[in-house]
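J.: Using only what follows, build the 3D model:
(2 chains)
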Amino acid sequence: LPLPSSRSRFSGSLLNLQESESENKLDGETASDSESKSEFGGSPPVPTSDDTPEVLNRALSNLSSRWKNWWVRGILTLAMITFFFIIIYLGPLVLMTIVMCVQIKCFHEIITIGYNVYHSYDLPWFRTLSWYFLLCVNYFFYGETVTDYFFTLVQREEPLRILSRYHRFISFALYLTGFCMFVLSLVKKHYRLQFYMFGWTHVTLLIVVTQSHLIIHNLFEGMIWFIVPISCVICNDIMAYMFGFFFGRTPLIKLSPKKTWEGFIGGFFATVLFGLLLSYVMSGYRCFTCPVEFNNDTNSFTVDCEPSELFQLQEYNIPLVLQSVVGWKTVRMYPFQIHSIALSTFASLIGPFGGFFASGFKRAFKIKDFANTIPGHGGIMDRFDCQYLMATFVNVYIASFIRGPNPSKLIQQFLTLRPEQQLHIFNTLRAHLADRGVLGPSEDA
Amino acid sequence: QELDLEERLCELDLRSDSDIPPSTDSTPEILKRVLSGLSARWKNWWIRGILTLAMISVFFLIIYLGSFMLMLLVLSIQVKCYHEIITIGYRVYHSYDLPWFRSLSWYFLLCVNYFFYGETVADYFAAFVQRREQLQFLIRYHRFISFALYLTGFCMFVLSLVKKHYRLQFYMFAWTHVTLLITVTQSHLVIQNLFEGMIWFLVPISSVICNDIAAYIFGFFFGRTPLIKLSPKKTWEGFIGGFFSTVVFGFTFSYFLAQHQYFVCPVEYNSETNRFVTECEASELFQMKKYSVPPLLQAVLGWETVMMYPFQMHSIALSTFASLIGPFGGFFASGFKRAFKIKDFADTIPGHGGIMDRFDCQYLMATFVHVYITSFIRGPNPSKLLKQLLILQPEQQLSVYKSLKSHLVEKGILQPSLRG
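T.: So this is what the prediction gives:
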């Protein structure tokens, strides 16, 4: 079997873990054993390749390894949160770019794991094809989004107009080219590996690219729909960890032995509270609550509008149960805060399943982290595994409960219909509006 | 146990490709007795031929029975294809006894079908749905309900992960999702094409079948240069001969179908009679027009102009795709069968293999036809557009109304009113 020679291609962490495992017989138990050994008691540090910057190493050299690890994680967490705030300050375009970079990095991490698992780094064409498929799917999704939101800009420029009119056909043709290249690249001894990598690429695309585009859709709805969900997931992570650290006793699930019921429940309540407070603060600012629009004259993104009902303070009656506790009869809240409770609840109850899924995946393929990008935390994917389901939920939530379809998109679709169809729709709409009394009686056939 | 599995699979790779186990013989007894006199080669040919005719007859019968039966047929084929591919996955990974997995696979199939049927079919039954309260609720929150159902399946999967079987379970999870992506999306695109007009369903499928048969026949009589290592029986002569015959076949077949309203009209649901009807004013595509024959062909054919349906030009594009790109779907399936060391997807049809074996070339065709229709033939679905317009907020509806009105007046479709 060719296994031993190709192991040298593995990254440092993989190799160390595999060697220690082969001593203990390959077993799902081993991964959790080595994890628990590193966290409790002064045993030798976890055998990941250490790419903590030298500065931090020197500053923390006096502390014991347990506290050192904690400090590294803490500092990096603060660094990431600060970075997050800076990006928000810089505006929607930078946010979109960051989301795209994160997506590409996640895709790269998962595909690299696939290569390592199947020792298929040298398969003919395959690296090129994976990136090509990523490009195709991104082209398709960006084209759809750009056409919707930049409608006027697109209509003005001639090449863009043709690209947008035949967008689906062009995307499909690009994808087909990739598919045919794949079929032509099948080599006799490697059929199964090539099909595995093809399947692996497609599932990764399904997970990574669709989520990132849903995030961008949420962003366009209003930056608050981007910031509150992501912050709730991060808060839940941190709070569950802290509650578990101080009060943790009953294990939650065999997949992640460090999670506890106390952490889970404490994290839930803390996240709901945090969501309420954060939404209260953010709903006051137009730059967060207004849909992102592209201004044709200034050719830049603007967030300026009349705040919708959701973001206007309203009086709510406190249910009798809480009245005795809180002491107020009514409270002034934004309706959005009620929605934030739903978002926080999802982030705390279902979000962790994304994390368990990633844990199961790492155990299945015997890896400790997705990659070594962030010192103390692992890869980008490690940080974003709980966000996986959140973006889809927010998008579905918005589409179902907050707003209907996008009016400008509807107008655009209307313009491509045949004249008889246009007339029919127009008349039906007019009858509907007249029924509702929205239209004045001056409108005549 | 996992290392064992990988070793076994690697050993399979090292064996030669010809060591594929022969398929079990599921030919019915009757046929065996009748053909017992002939030699093995001719016997196989006769069985294949008889089954081919049988399948084509079933196809015609279902077309005669109408759109509803066709939809049911497409749905059954989809379920059977899904079942075949999932069973292959079980066999490859010896994972038939994984906890929960069979239920989860079928559950995911149900979820995804529910989502697609809700999105597409509900649009066509708008009038039917408007009358019933419970259905209205289901339609309004359709995406949310589908997502909740899918999430339940996802959480069940995470909770069902068992220590010794993590990798197998993840493989099966991915296998299920890729299979869903292939079979369910294609089948729904087929049904959407069907609703556009039965001709958009019949001509592509027949072109693919014709290409299969014509390439086989040309290859049988004239075949000499192999086409691709994956399928050693395919030849360049068969490929090119099949291409030309399919284009001619598509052309002639469209000519006959374009004359009947039954095939040409979009399928609509009549809420009074509770049935599907195909009656309409034939669109431009299906009205005879004069075309001037290009000078090259004039010399050959001797005519200067010819009366054709515009649809026949589109049928050339469809046939070209069916002959040139469709076979890649077949090569993909051949590669898949070689990769997993199986001769056929299943043994459902004697002499032919499984349902998936017959439909592997159709795989890409349905998507192509759908993309072709939305890009070149028609815009979006008017009734769906109307439904979305009616969901908007009143202020939004008013502003949309004003934009539409100014557009229509500009184009001269609407006469400007004297007041307002």
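J.: what's the average pLDDT for stretch A:144-162?
T.: Here stretch A:144-162 scores 73 as its mean pLDDT.
J.: end-to-end on it?
T.: 13 Å (C-alpha to C-alpha, to the nearest Å).
J.: Now tell me what touches stretch A:267-281 from outside.
T.: If you take C-beta atoms under 8 Å, 6 or more residues apart in numbering or on different chains as the criterion, stretch A:267-281 is touched by A:224, A:227-228, A:231-232, A:235-237, A:239-240, A:243, A:333-334, A:336-337, A:339-341, A:343-345, A:347-349. (C-beta placed from N, C-alpha, C; glycine too.)
J.: The strand or helix carrying A:Phe220: what's the following helix or strand?
T.: Per DSSP states H and E, A:Phe220 falls inside helix A:191-221. As assigned by DSSP H and E, the chain's next helix or strand after helix A:191-221 is helix A:224-247.
J.: Flag every buried residue along that following helix.
T.: A:224-241, A:243-244 (16 or more other C-beta atoms under 10 Å in any protein chain shown).
J.: cool, stretch B:86-105 as well?
T.: Neighbour counts using 16+ other C-beta under 10 Å place B:86, B:88-90, B:92-93, B:95, B:98, B:101, B:104-105 of stretch B:86-105 among the buried residues.
J.: Would you convert these into JSON lines that also reports pLDDT, distance to A:Thr97 and secondary structure?
T.: Shown next, in JSON lines, are the buried residues of stretch B:86-105 (pLDDT from 0 to 100; distance: C-beta to C-beta, whole Å; DSSP: H, G, I helix; E, B strand; the rest coil):
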{"residue": "B:Ile86", "pLDDT": "86", "distance to A:Thr97": "40", "secondary structure": "helix"}
{"residue": "B:Ile88", "pLDDT": "84", "distance to A:Thr97": "42", "secondary structure": "helix"}
{"residue": "B:Gly89", "pLDDT": "82", "distance to A:Thr97": "39", "secondary structure": "helix"}
{"residue": "B:Tyr90", "pLDDT": "80", "distance to A:Thr97": "44", "secondary structure": "helix"}
{"residue": "B:Val92", "pLDDT": "76", "distance to A:Thr97": "42", "secondary structure": "helix"}
{"residue": "B:Tyr93", "pLDDT": "74", "distance to A:Thr97": "41", "secondary structure": "helix"}
{"residue": "B:Ser95", "pLDDT": "65", "distance to A:Thr97": "42", "secondary structure": "coil"}
{"residue": "B:Leu98", "pLDDT": "72", "distance to A:Thr97": "42", "secondary structure": "coil"}
{"residue": "B:Phe101", "pLDDT": "80", "distance to A:Thr97": "41", "secondary structure": "helix"}
{"residue": "B:Leu104", "pLDDT": "90", "distance to A:Thr97": "38", "secondary structure": "helix"}
{"residue": "B:Ser105", "pLDDT": "91", "distance to A:Thr97": "39", "secondary structure": "helix"}
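J.: which one of those is nearest chain A?
T.: B:Val92 (8.8 Å; C-beta to the nearest C-beta).
J.: Extract the CA atoms of the helix or strand that contains B:Gly330 and return them as CSV.
T.: B:Gly330 is part of helix B:326-339, with elements assigned from DSSP H and E. C-alpha atoms of helix B:326-339 as CSV (Å, rounded to 0.1, in the frame of the first residue of the first chain):
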residue,chain,number,x,y,z
GLY,B,326,-25.4,14.3,-23.7
PRO,B,327,-22.9,11.4,-24.1
PHE,B,328,-20.7,13.0,-21.4
GLY,B,329,-23.4,12.1,-19.0
GLY,B,330,-23.1,8.6,-20.2
PHE,B,331,-19.3,8.6,-19.8
PHE,B,332,-19.7,10.0,-16.3
ALA,B,333,-22.0,7.1,-15.4
SER,B,334,-19.5,4.6,-17.0
GLY,B,335,-16.7,6.1,-15.1
PHE,B,336,-18.8,5.8,-11.9
LYS,B,337,-19.5,2.2,-12.6
ARG,B,338,-15.9,1.4,-13.2
ALA,B,339,-14.8,3.3,-10.1
